[in-house]
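Participant: take a look and give me a structure for this.
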Amino acid sequence: MKPLLVNGTMRSGTTYLFRYLWWLSNGKALFEPLNDIGMIWRTFPQLRKIQIRYDPKMLDVLMRTHYIYDYDLLRQYFENLKDWNIKEVVLHFYLNEYFIRDNWDVYHIIRNPADIMLSYINAFLRPLKLHKIYILLRLLDHIPFLNILSYNMKSKYLWFREAKFFERFIHTPETHPFKIKTFEDAITIVWTITNYYAINSINPDKQLIIYEKPETYYKLPRWEEWLEKEPLKIKKYKQRDRIFRKMYESAKKFGIEKEFKELMSFFD
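Facilitator: Numbering: from 1, shown residues only. Predicted structure coming up:
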C-alpha cells in the first residue's frame, strides 16, 4: 500500500490527521516538511524562488509564497520523501502532479472558512494580542531594517501576504478596484483559490474529507480502529454565521463568488 499524503488549509483538522498518520505508520510520518524552513534552505536553498508555470503573464513575478514552488526542485525534494506518510498545508497546487500522485494516496481536507478564521485567531493572534498591532507591523514593512525586527510577528499575518499574491490571479485593479482590508477578505481569497484548485485536482468522492462530516473520514484506511484510540471532535464556533456572511460579501467583492459557492456546496 502506498503511504498517505493529507493536505488541507491550516486549522482544517490536519494536525489531528497527522496523529492518525503517525499511529498508522508507527511513527513514520512527516509533519509539514515544506514548512520546515531550516530543512528546505539547507537542502534546496532555491526552492522558494517561484516559477508560475500555469500563468505565463506571471513568470516575471519574484516573491515568496507558501503555496507556489519551483517545480523541478519540488519534484526533486519529494523524491527524498518516498515511503513516508505526510501531512501538509501548502500542496494545493500539486496534488495531481505525477511525483506525488504516483507515490502517495492523496487526501484533501476542507473546513468552513469562518471556523478556520476563528480558530486561527484563537490559536495564534489573541494569545499574543497581535490583532491590535497589525497596523504598526504594516508600517514597519516600508521602513528599511526595522521590517526585519518584526519578521516573526508579521509571519502571523501570512493570510494577508498570501491574499495579496493571489489577488493577481482573480482580477486587475481596473476591473475590481478593491483593497484587501479585513481578515475576512484575506482568508476568503486564500481559502477559495487554494481549495478550489485542490479539489479540482482530485476525485472528491474518494479523496475529499470534509471536516464537518464524520462519514467522509472513513475513506482513510483503518479509520474505525483509530477512532477507538482518539475520537473525532468537531468544533464549530458560535460566531461562524456572522463571519461567514462577511466572507460571502468578500467573495462577491473580489469576483470569486462562483468558486466560493461551489466549495460551500460540499458542506450541504
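
Participant: shaky segments in the stretch 101-250 of the chain?
Facilitator: Low-confidence segments of the stretch 101-250 of the chain, defined by pLDDT under 70: 124-158, 169-178.

Participant: okay, helices next: where are they in it?
Facilitator: Per DSSP state H, counting those that start in this stretch, the stretch 101-250 of the chain carries helices over the ranges 113-120, 134-140, 146-149, 151-154, 158-170, 183-199, 204-207, 223-229, 240-253.

Participant: switch these over to a markdown table; also include distance to Asn96 and mean neighbour count.
Facilitator: For every residue, glycine as well, the C-beta is placed using N, CA and C. Supplementary listing: these in a markdown table, determined by distance: least, C-beta to C-beta, whole Å; neighbours: other C-beta atoms under 10 Å:
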| stretch | distance to Asn96 | mean neighbour count |
| --- | --- | --- |
| helix 113-120 | 23 | 23 |
| helix 134-140 | 36 | 13 |
| helix 146-149 | 37 | 12 |
| helix 151-154 | 32 | 13 |
| helix 158-170 | 18 | 19 |
| helix 183-199 | 9 | 24 |
| helix 204-207 | 10 | 13 |
| helix 223-229 | 24 | 12 |
| helix 240-253 | 25 | 17 |
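
Participant: out of the ones you listed, the one nearest Ile68 is which?
Facilitator: For the helices of the stretch 101-250 of the chain, proximity to Ile68 was assessed by C-beta to C-beta; helix 158-170 is nearest, at 8.0 Å.

Participant: sorry, back to before: quick one, which of the helices of the stretch 101-250 of the chain is nearest to Trp23?
Facilitator: helix 223-229 (6.2 Å).

Participant: for the helices of the stretch 101-250 of the chain, which one sits closest to Gln76?
Facilitator: helix 183-199 (22.1 Å).

Participant: residues making contact with the closest one?
Facilitator: By C-beta atoms under 8 Å, 6 or more residues apart in numbering, the residues outside helix 183-199 that reach it are 7, 9, 67, 91-93, 95, 108, 110, 113, 116-117, 120-121, 159-160, 162-163, 166-167, 169-170, 180, 208, 243, 246-247, 249-251, 253-254, 256, 259-260, 262-263, 266.

Participant: related to what we said a few turns ago, any chance of the helices of the stretch 101-250 of the chain in JSON lines, plus distance to Tyr20?
Facilitator: Below are the helices of the stretch 101-250 of the chain laid out as JSON lines (distance: least, C-beta to C-beta, whole Å):
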{"stretch": "helix 113-120", "distance to Tyr20": "19"}
{"stretch": "helix 134-140", "distance to Tyr20": "35"}
{"stretch": "helix 146-149", "distance to Tyr20": "39"}
{"stretch": "helix 151-154", "distance to Tyr20": "30"}
{"stretch": "helix 158-170", "distance to Tyr20": "26"}
{"stretch": "helix 183-199", "distance to Tyr20": "19"}
{"stretch": "helix 204-207", "distance to Tyr20": "16"}
{"stretch": "helix 223-229", "distance to Tyr20": "5"}
{"stretch": "helix 240-253", "distance to Tyr20": "25"}
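
Participant: sounds good, over and out.
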